[in-house]
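Student: when you get a sec, could you give me coordinates for this:
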Amino acid sequence: MSAENPESMAVVAALRQASASGPHEAFLSTTVSEALLNFRHLFPELISYRGGLFIEAQFDKATVDDLFDQATFGDGEFDVGHAEDAVNSVGLFAEAVAEGDIVAAASVAEMIGWVWRRWLRETYDVEIEVLTSIDKEEGAYVSFRSASPGR
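Tutor: Residues are numbered from 1 along each chain as shown. Below you'll find the model as predicted:
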């Protein structure tokens, strides 16, 4: 076997950790419609707007404009990454987090991030930074923003 990719190996480790005590079903435990929705989250189409990259299905021009306006209202300079992070955020595994299964939520976030980095690099030729927030009280989210020098 050739040299192993550290990102890929992190995903394998996260999957092993999350499924160590869980069921090992031969089939997806969702309906076809749910599976397709999950795939839409994993393989998003993007829209470029005001210097940012946004998941097209979650993009709302007025929301992004409001995010820019809020930042500039107090003479602050707006970070495009903030708008990308807000719009591109996907909620994860709410039941697991509420029950304290932070490991499962973190593993799902790791896997989604892995797919996003490759999908966006290969499809749109862009590099992204994946951001996760996993907290029992606040919930679990995974998001991304475009990676740029100096960010």
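Student: where does pLDDT dip in the protein?
Tutor: 1-12, 14-30, 71-78, 93-100, 148-151 (pLDDT under 70).
Student: and for Ser89, nearest residue in space, chain neighbours not counted?
Tutor: Ser143 (4.1 Å; Cβ to Cβ, 6 or more residues apart in numbering). C-beta coordinates here come from the backbone N, C-alpha and C atoms, glycine included.
Student: swap in Ile112?
Tutor: Val142 (5.0 Å).
Student: residues in contact with the residue nearest to Ser89?
Tutor: Contact analysis of Ser143 by Cβ atoms under 8 Å, 6 or more residues apart in numbering lists Glu84, Asp85, Ala86, Asn88, Ser89, Val90, Val130, Leu131, Thr132.
Student: how close does the third one get to Leu67?
Tutor: To tie it back to what came earlier, the one meant is Ala86. 6 Å (Cβ to Cβ, to the nearest Å).
Student: tell me which helix or strand the residue nearest to Ile112 sits in.
Tutor: Assigned by DSSP states H and E, Val142 falls within strand 139-146.
Student: equivalent analysis for Val103, please.
Tutor: helix 102-124.
Student: for that helix, list the C-alpha coordinates in CSV.
Tutor: Taking Å, rounded to 0.1, in the frame of the first residue of the first chain, the C-alpha atoms of helix 102-124 are listed here in CSV:
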residue,chain,number,x,y,z
ILE,A,102,-20.7,13.9,21.3
VAL,A,103,-18.4,11.3,19.7
ALA,A,104,-21.0,10.3,17.1
ALA,A,105,-21.7,13.9,16.2
ALA,A,106,-17.9,14.7,16.0
SER,A,107,-17.4,11.6,13.8
VAL,A,108,-20.3,12.6,11.4
ALA,A,109,-18.8,16.2,11.2
GLU,A,110,-15.4,14.7,10.4
MET,A,111,-16.8,12.6,7.6
ILE,A,112,-18.9,15.4,6.1
GLY,A,113,-15.9,17.7,6.2
TRP,A,114,-13.8,15.1,4.4
VAL,A,115,-16.3,14.7,1.6
TRP,A,116,-16.8,18.5,1.3
ARG,A,117,-13.0,19.2,0.9
ARG,A,118,-12.7,16.7,-1.9
TRP,A,119,-16.0,17.5,-3.6
LEU,A,120,-15.3,21.2,-3.7
ARG,A,121,-11.7,20.7,-4.7
GLU,A,122,-12.5,18.3,-7.5
THR,A,123,-15.7,19.9,-8.8
TYR,A,124,-15.1,23.7,-8.2
